[in-house]
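In: Fold the following and give me the result.
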Amino acid sequence: MRVTPIAGLNAIAWTLTTVDILLVLGRFRIHWRKNRRFGWDDYLNALALIFLLGFIITYQTFVPIEYNAQLYALGMSDTPPTERDIVLDMKLNVANSMMFWCVIYTVKASFLALYWQIFEISNRFRLCWWFVTVYTALTFLITIPSYFWNCGAPKDFLNMEVCNNRSRQRMVSLLVLWCVLNGLGDLFLMILPIAVLRNMLMKTSQKIGIYLVFSLVLIIITFDILRTVFSLQMRPEFQDENAIWAILEPTLAVMVCALPCYRGLLGWSASSSPFSSFIFSIRGFSDTPRSDDAESLDASDKNLPVKQ
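Out: Next up is the predicted model:
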């Protein structure tokens, strides 16, 4: 059996986390230089990074304990786990899982804040945005409590004996539930702005660039599916075979969240502002005309954030 060494996992975790830190700091620098202010999407991206640091720290603490216990059970380690190690491992495992989902859903919230900032002028878009926002909040409120049913009744979620005897079907059901709820929410995030793009009065190359920004969510969906698939395929006697995927999903989610502000990656010139034309085209998408069109168009175009 091939086991990924702890040192290799740590190197991957901290390398990607360092990239995340640099990207988020760069995001704040770009937005401060452009606008002298920050938006909710910036703050939520930073909050996701904080949760990610909590995820990595708890991961670094409990995974070596869990690795050793599983390798000892397989006869690949001479150090037996202590009772204290087992209790600490279970508590840190719960904390780590909570941090994982907080990262994922804070990234979703950051994207939603970005979308609102760009498209809030459209009344029809607002309705769609509220639908996705409510769905995201509900799935978060379902995902977090459902974790406490992982071993059966919530009172047993820290009971090692009960958890070791849980049925595989229960674990499979929860993993599939989390994947479906999370993946569907990410799909909504990607689709949400697409209907607006076709009404935008801008160059095709700019539309493609903006669509690529929205399509970055596909990366998160892909890694969520991969993590779930590998979790379902892992052997009961070594349940950390999916550790690499558990690291990649939240670290790449924070990375993807920070990327849209780096518009230079999409080939936009410093003088161009593709989002400034949203204000004109979204009027056609909105089904509630305003009486102050001429005045509001001019004012909104000046105030519309172009930093993204």
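In: Please make it C-alpha for all contacts and neighbour counts, starting now.
Out: Fine.
In: Next secondary structure after the longest helix belonging to the chain?
Out: Selection of the longest helix in the chain by residue count, based on DSSP state H, yields helix 83-119. Using DSSP states H and E, the helix or strand that directly follows helix 83-119 along the chain is helix 123-146.
In: Figure out how far that next one is from the centre of its chain.
Out: Centroid separation for helix 123-146 versus its chain: 14 Å, with CA atoms, centre = their mean, to the nearest Å.
In: what's the answer for stretch 144-163, then?
Out: On CA atoms, centre = their mean, the centre of stretch 144-163 falls 25 Å from that of its chain.
In: which residues touch it?
Out: With contacts defined as CA atoms under 8 Å, 6 or more residues apart in numbering, stretch 144-163 is touched by Ile86, Val87, Met90, Lys91, Met98, Trp101, Arg166, Arg170, Met171, Leu174.
In: One more: stretch 208-225?
Out: Outside stretch 208-225, the residues touching it (CA under 8 Å, 6+ apart) are 179, 182-183, 186-187, 189-190, 193-194, 197, 245, 248-249, 252-253, 256, 259-260, 266-267.
In: circling back: so which of the contacts of stretch 144-163 is the most crowded?
Out: Trp101 (21 neighbours; other CA atoms under 10 Å).
In: What about the residue nearest to Gly183 when sequence neighbours are not counted, how many residues nearby?
Out: The shortest distance from Gly183 to any non-neighbouring residue, by CA to CA, 6 or more residues apart in numbering, is to Ile221 (5.6 Å). Ile221: 20 surrounding residues under other CA under 10 Å.
In: Just the element for Ile221, please.
Out: helix 217-233.
In: what about this structure, any weak spots by pLDDT?
Out: 1-5, 67-83, 85, 160, 164, 195-202, 206, 234-242, 263-308 (pLDDT under 70).
In: hey, where'd the helices end up in it?
Out: Under DSSP H, the chain gives helices at 6-35, 40-73, 83-119, 123-146, 160-164, 168-191, 194-197, 204-215, 217-233, 243-258, 278-285, 293-303.
In: Give me the angle between the fourth one and helix 168-191.
Out: Using axes from the mean of the first three to the mean of the last three CA atoms, to 10 degrees, the interaxial angle of helix 123-146 with respect to helix 168-191 works out to 160 degrees.
In: Send me helix 123-146 as CSV with only the CA atoms.
Out: Extracted C-alpha coordinates of helix 123-146, given in CSV (Å, rounded to 0.1, in the frame of the first residue of the first chain):
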residue,chain,number,x,y,z
ASN,A,123,-34.1,43.8,-10.7
ARG,A,124,-34.4,40.4,-12.2
PHE,A,125,-30.8,39.6,-11.3
ARG,A,126,-31.6,40.6,-7.7
LEU,A,127,-34.3,38.0,-7.5
CYS,A,128,-31.9,35.3,-8.8
TRP,A,129,-29.2,36.5,-6.5
TRP,A,130,-31.5,36.2,-3.5
PHE,A,131,-32.5,32.7,-4.5
VAL,A,132,-28.9,31.6,-4.7
THR,A,133,-28.0,33.4,-1.5
VAL,A,134,-30.9,31.7,0.4
TYR,A,135,-29.9,28.3,-1.1
THR,A,136,-26.3,28.8,0.0
ALA,A,137,-27.3,29.8,3.5
LEU,A,138,-29.7,26.8,3.8
THR,A,139,-27.1,24.3,2.5
PHE,A,140,-24.6,25.6,5.0
LEU,A,141,-27.1,25.2,7.8
ILE,A,142,-27.8,21.7,6.7
THR,A,143,-24.1,20.7,6.1
ILE,A,144,-22.7,21.8,9.5
PRO,A,145,-25.3,20.1,11.8
SER,A,146,-25.4,16.9,9.6
